[in-house]
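Participant: I need the structure of the sequence given here:
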Amino acid sequence: MGKLLLDDYKDYIFDMDGVILSSVRQHCLAWQMAFAVADITLTREMYYKYCDGVSRSQAIINVLDSLSKKVSDNLFSKIGEVKGHEYLKLIQKKPAHVYPDFIDYSSYLRSKGKRLYVCSSSKMALPLLMQNGLDKIFDFILDGNIISENRLGAKPLPDPYQFIIDHCRLVKHETVAFEDSVSGVRSIVAAALTPIWVNRSNLKMPILEKSVYMVQDFYSLDAFNA
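Facilitator: Numbering: from 1, shown residues only. Predicted coordinates:
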């Protein structure tokens, strides 16, 4: 695949966790504590396979389905509540790590007059961005609350990206999006946007469409290699 010149785009959409910042450790620990309520031991491998990059409800469904386990509606809700409560405590104790390459790349884009957006499944996206002083650099932030309020389908469905496109009146061929998870990349593809997989950990990715570009970080992009 030839070199992708991202300067040609006008609008840039970023997933949050794993792309802008990292709170994977906090998420994984919170999920482990949450599923313990249902006597389920969640391994790190299960977290990446079933919880990473999807909504809270979908993560619970994925884990339960993988174990052929059913729980009551009350317990289902309890798992979600515990996850949110424990994650909040963990993130307050140890704030998320903001990736320096994102800071540099977003500064570069803003200097060029580009528009930036967030497409996150997390209901904590806005507080996390505010905690790190990043909320003001984005033109629009879609989070898990907006997804729930508008009854949108979660990633890997195109709904979250399509909502941003419609709400902000973006032109698809002028828009590029960045994700670090399989479900996120598939959501971009389903929304017919240019997908960039930010593979910081050099993970093996299932076979995806040939239109998916992969970079290890933002320093790999043309903006830093002119």
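Participant: Buried residues in stretch 47-54, which are they?
Facilitator: Residues of stretch 47-54 classed as buried by neighbour count (16 or more other C-beta atoms under 10 Å): Y47, Y48, Y50, C51, D52, G53, V54. In this view, the C-beta of every residue, glycine as well, is placed from N, C-alpha and C.
Participant: Any buried residues in the helix ranked longest in the chain, and which?
Facilitator: What stands out as the longest helix in the chain, according to DSSP state H, is helix 73-93. Buried residues in helix 73-93, counted by 16+ other C-beta under 10 Å: F76, I79, G80, V82, K83, G84, E86, Y87, L90, I91.
Participant: Can you pull the poorly scored residue ranges out of the protein?
Facilitator: Counting by pLDDT under 70, the ranges of the chain that qualify are 1-4, 204-210, 223-226.
Participant: can I see the domain layout of it?
Facilitator: 6-22+98-224, 24-93 (automatic domain parsing).
Participant: would a markdown table of the buried residues of stretch 47-54 with distance to P156 and secondary structure be doable?
Facilitator: Shown next, in a markdown table, are these (distance: C-beta to C-beta, whole Å; DSSP: H, G, I helix; E, B strand; the rest coil):
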| residue | distance to P156 | secondary structure |
| --- | --- | --- |
| Y47 | 17 | helix |
| Y48 | 15 | helix |
| Y50 | 13 | helix |
| C51 | 14 | helix |
| D52 | 12 | coil |
| G53 | 8 | coil |
| V54 | 8 | coil |
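Participant: Looking at those, which is nearest V185?
Facilitator: G53 (8.7 Å; C-beta to C-beta).
Participant: Surely the closest one touches V182?
Facilitator: Yes - the criterion here is C-beta atoms under 8 Å, and G53 meets it with V182 at 7.0 Å.
Participant: Overlap in contacts, the two.
Facilitator: The contact sets of G53 and V182 do not overlap (C-beta atoms under 8 Å, 6 or more residues apart in numbering).
Participant: For stretch 60-80, which outside residues touch it?
Facilitator: Taking C-beta under 8 Å, 6+ apart as the rule, stretch 60-80 contacts 34-35, 37-38, 40, 42, 46, 49-51, 54, 56-57.
Participant: what's near enough to touch the nearest residue to G184 once chain neighbours are set aside?
Facilitator: Counting by C-beta to C-beta, 6 or more residues apart in numbering, the nearest residue to G184 once its immediate chain neighbours are dropped is G53, at 4.7 Å. Taking C-beta under 8 Å, 6+ apart, we find G53 in contact with D15, G18, S121, K155, E179, D180, S181, V182, S183, G184.
Participant: Can you give me the distance of N150 to D143?
Facilitator: As for N150, its distance to D143 is 11 Å (criterion: C-beta to C-beta, to the nearest Å).
Participant: ok, the two, which is more surrounded?
Facilitator: D143 (22 against 12; other C-beta atoms under 10 Å).
Participant: distance of the more buried one from G84?
Facilitator: For D143, the distance to G84 - C-beta to C-beta - is 13 Å.
Participant: Mutual contacts of the two, please.
Facilitator: Taking C-beta under 8 Å, 6+ apart as the criterion, D143 and G84 both touch K123, M124.
Participant: can you give me the strands for the chain?
Facilitator: Per DSSP state E, the chain carries strands over the ranges 11-14, 21-22, 97-98, 115-119, 140-142, 175-179, 194-198, 213-215.
Participant: Can you add distance to L134 and mean neighbour count and give the ones you listed back as TSV?
Facilitator: What follows is these, written out as TSV (distance: least, C-beta to C-beta, whole Å; neighbours: other C-beta atoms under 10 Å):
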stretch	distance to L134	mean neighbour count
strand 11-14	10	24
strand 21-22	8	18
strand 97-98	7	14
strand 115-119	9	22
strand 140-142	10	21
strand 175-179	15	25
strand 194-198	16	24
strand 213-215	20	17
